[in-house]
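1. here are the coordinates; sequence isn't available:
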């Protein structure tokens, strides 16, 4: 992977200071990789190859190694997603409580059409996610960083309206 | 307790006493409720004394394996020649389980106190709380509590004026069930892919960063301050069944119940009371099956459920496991074939793909179940599923592979008729032909 053209670094100013503080928590630089990738995603909305090169340089790793880690963890986006990323749990306990109907309602009201696709206005991307760990509050939904319990079909339209 | 947070009279609330009480989240509120007394007491004891108390209490790992916590701590080297680490496993991802999330959301200082006591006992100066990436709210609340604990000097270079350094950091996961496996968790902290490691070496010899490490579950660590405060004998006696299973346990009840939520009961509590009396079935429904310890444990039918006592031995006695205490309830409306397929999709998605049996077996199992659900299955498919299940059991680095086979094999054994109905056409296909 090579950085070509204009690239605006992620780790400058405050973010560089934050990364430096994180590095003091671990005995190796490599251990700061997951936190560094979170910071990239926070800043850019996803993790472009160019940012993987920057992270690799900051932590004395190879870009290929960083990519190997990025591709292992499902929460790191390897391509741009909608302005609001919506994850709906459909694993068995929530499934028993009607989670698939909730997914259908999200797809219908968001204009996404299908899972993984971004709505034409760039506003939403919706995915099914395996167990969110809130099975007693079916159906849990993660919209960006907001963890929302107990979403039912009738609440979906109003919920989407809160994310312009 | 179901929601709103009101304990049922049959519950024994230690860990969940302050669930739903926002004031308990703050340092001041926690101290007012007796918080950090146990840490003060523990810091006045020698590490070996703390280990001994937890050993005698009989506290066993609440994450799923049920290994005695004090014994695990005693595996750490007594003479400290290199740094020791504590890793708190807050990667709660086992379908059906949502207890650690509630502990962190409502009583973050209880977990910090438990971590700090454990760190003293195993002579660790640094501890990492590995929280799954999706738990955004729990991460925010835990971070706020840690900030408070540092501010008042409970944590830091001179923790509670003891002269001991106790540093606790949150390490956020990024969406991988497998990182709840302790060696995968350590790899993830080190900045690696979350692949489980071959054991030996065990974490107490060479764990995170190659150093002696103890990995404990959130609920296990949160139980420790109660034991320090009230004594090992008191905790040992908290049991309705047998002395090998002591204390209270949080059960996350979900699926087909009227009042889902976390219920805290004394070990040995009857499973049928938890389902029928505390969580309750929905009106007009009857019980078909359940998984008492998360999705990775064998499915119990109704008769087995009604005979089962909730402790480590009682569950084994009915052919299942206590696991994490994630109780998934299926009533008579449940389509067992479809729901078991959904579980296998979970494992197929979460396999780290290191071992062949798991990488191939999980996906193959899903495809066969989808075939059956689309009306294209054969009777031979059931034998094939059992055969694959056997090949997936006991042959891999970690037990994710086994965990995928468990609900399939126990499901076919106990609900074979439902599978056959899709194959003979007695039941209409629910999936489009693949």
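-> Looks like it arrived, so ask away. The model shown is predicted, which means the values in this text are computed figures rather than measured ones.
2. Contacts only, for the closest residue to residue A:65 other than its chain neighbours.
-> In this structure, residue A:65 finds its nearest non-sequential neighbour in residue A:56, 6.9 Å apart by C-beta to C-beta, 6 or more residues apart in numbering or on different chains. C-beta: built from backbone N, CA, C; applies to glycine. Neighbouring residues of residue A:56 by C-beta atoms under 8 Å, 6 or more residues apart in numbering or on different chains: A:62-63, A:65-66.
3. mind running it again at 10 Å?
-> A:1, A:33, A:36, A:62-67 (C-beta atoms under 10 Å, 6 or more residues apart in numbering or on different chains).
4. That one belongs to a helix?
-> Yes: checked against DSSP: H, G, I helix; E, B strand; the rest coil, residue A:56 lies within a helix.
5. Do you know the pLDDT at it?
-> Residue A:56 carries a pLDDT value of 98.
6. Please apply the same query to the one 5 residues further on.
-> pLDDT, the model's per-residue confidence, is 98 for residue A:61.
7. got the phi/psi numbers for it?
-> phi -120, psi 170 (degrees, to the nearest 10).
8. That one - nearest residue in space that isn't next to it in sequence?
-> Looking at residue A:61 with C-beta to C-beta, 6+ apart, the closest residue is residue A:30, at 6.3 Å.
9. what number of residues lie near that neighbour?
-> 18 (other C-beta atoms under 10 Å in any protein chain shown).
10. Contacts only, for it.
-> A:59-61, A:65-66, A:69, B:190-192, B:209.
11. Neighbour-wise, give me the winner out of the residues you listed.
-> Top of the contacts of residue A:30 by neighbour count (other C-beta under 10 Å): residue A:66, with 28 neighbours.
12. now for the helix or strand containing it, which elements pack on it?
-> With elements taken from DSSP states H and E, the one containing residue A:66 is helix A:63-72. For helix A:63-72, the packing partners by 3 or more C-beta pairs under 10 Å, 6 or more residues apart in numbering or on different chains; DSSP states H and E come out as helix A:33-44, helix A:49-59, helix B:182-189.
13. Tell me which other helices or strands the last one touches.
-> So that's helix B:182-189. So helix B:182-189, by 3+ C-beta pairs under 10 Å, 6+ apart, packs with helix A:33-44, helix A:63-72, strand B:85-90, strand B:126-131, strand B:167-172, strand B:213-217.
14. Tabulate those (TSV), appending distance to residue B:389.
-> Formatted as TSV, these follow (distance: least, C-beta to C-beta, whole Å):
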stretch	distance to residue B:389
helix A:33-44	34
helix A:63-72	26
strand B:85-90	27
strand B:126-131	30
strand B:167-172	34
strand B:213-217	27
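15. Deepest-packed of those, please.
-> Mean neighbour counts were compared across those using mean count of other C-beta atoms under 10 Å in any protein chain shown; the top stretch is strand B:85-90, at a mean of 28.
16. Check whether it comes near chain A.
-> Yes: using C-beta under 10 Å from any C-beta of the partner chain, strand B:85-90 reaches chain A at B:85, B:90.
17. List the neighbouring strands of that strand plus their orientation.
-> Strand B:85-90 pairs in its sheet with strand B:126-131 (parallel), strand B:213-217 (parallel), by DSSP bridges.
18. what's the spacing between the next helix or strand after the shortest one and its chain's center?
-> Downstream of strand B:213-217, the next assigned helix or strand under DSSP H and E is helix B:218-230. Between the mean C-alpha location of helix B:218-230 and the chain-wide mean there is a distance of 16 Å, by C-alpha atoms, centre = their mean, to the nearest Å.
19. so after helix B:218-230, what's the next helix or strand?
-> helix B:232-236.
20. Can you give the contact residues for that next one?
-> So helix B:232-236 is contacted by B:14, B:52-59, B:70, B:223-224, B:226-229, B:243, B:246-248 (C-beta under 10 Å, 6+ apart).
21. ok, now stretch B:202-210?
-> Residues beyond stretch B:202-210 that count as contacts (C-beta under 10 Å, 6+ apart) turn out to be A:26-28, A:30-31, B:72-77, B:82-87, B:122, B:126, B:128, B:130, B:171, B:182-183, B:185-190, B:197, B:199-201, B:211-215.
22. Quick check: mean pLDDT of it?
-> The model assigns stretch B:202-210 a mean pLDDT of 98.
23. same check, this time on stretch B:258-277
-> 97.
24. which parts of it are buried?
-> Across stretch B:258-277, burial judged by 16 or more other C-beta atoms under 10 Å in any protein chain shown covers B:260-275.
25. And for stretch B:378-393?
-> Buried-residue list, stretch B:378-393, by 16+ other C-beta under 10 Å: B:381-382, B:385, B:388-389, B:391-393.
26. quick one: secondary structure of residue B:314?
-> helix.
27. Enumerate every residue touching it.
-> B:240-242, B:245, B:267-271, B:292, B:307-308, B:320, B:322.
28. mind redoing it with 7 Å?
-> B:241, B:268, B:308 (C-beta atoms under 7 Å, 6 or more residues apart in numbering or on different chains).
29. Low-confidence ranges, the stretch 301-434 of chain B, go.
-> Within the stretch 301-434 of chain B, the stretches with pLDDT under 70 are B:433-434.
30. Next to chain B, which bits of chain A? Give me the list.
-> A:25, A:27-28, A:30-35, A:38, A:68-69, A:72-76, A:91-93, A:95-96, A:130-136, A:138, A:142, A:145, A:147 (C-beta under 7 Å from any C-beta of the partner chain).
31. Among the residues you listed, which ones are in helices?
-> A:33-35, A:38, A:68-69, A:72, A:92-93, A:95-96 (DSSP state H).
32. and the closest residue to residue B:217 other than its chain neighbours, how far is that from residue B:181?
-> Closest residue in space to residue B:217, ignoring its immediate chain neighbours: residue B:63 at 3.2 Å, by C-beta to C-beta, 6+ apart. With distances taken as C-beta to C-beta, to the nearest Å, residue B:63 is found 10 Å from residue B:181.
33. ok, now which ones touch the residue lying farthest from the centre of chain A?
-> Distance from the centre of chain A peaks at residue A:27, with 27.2 Å (C-alpha atoms, centre = their mean). Taking C-beta under 7 Å, 6+ apart, we find residue A:27 in contact with residue B:209.
34. Also residue B:129?
-> Contacts for residue B:129 (C-beta under 7 Å, 6+ apart) come out as B:88, B:90, B:115, B:142, B:168, B:170-171.
35. Quick check: the two most widely separated of the residues you listed?
-> B:115 and B:171 (12.8 Å; C-beta to C-beta).
36. Excluding chain neighbours, what is closest to residue 117?
-> Went with chain A since none was named. residue A:125 is the one closest to residue A:117 (C-beta to C-beta, 6+ apart), at 7.1 Å.
37. My question was about chain B, not that one.
-> residue B:42 (4.5 Å).
38. roughly how far apart are residue B:422 and residue B:370?
-> Residue B:422 is 11 Å from residue B:370, by C-beta to C-beta.
39. got it, and residue B:60?
-> Counting by C-beta to C-beta - residue B:60 and residue B:370 are separated by 38 Å.
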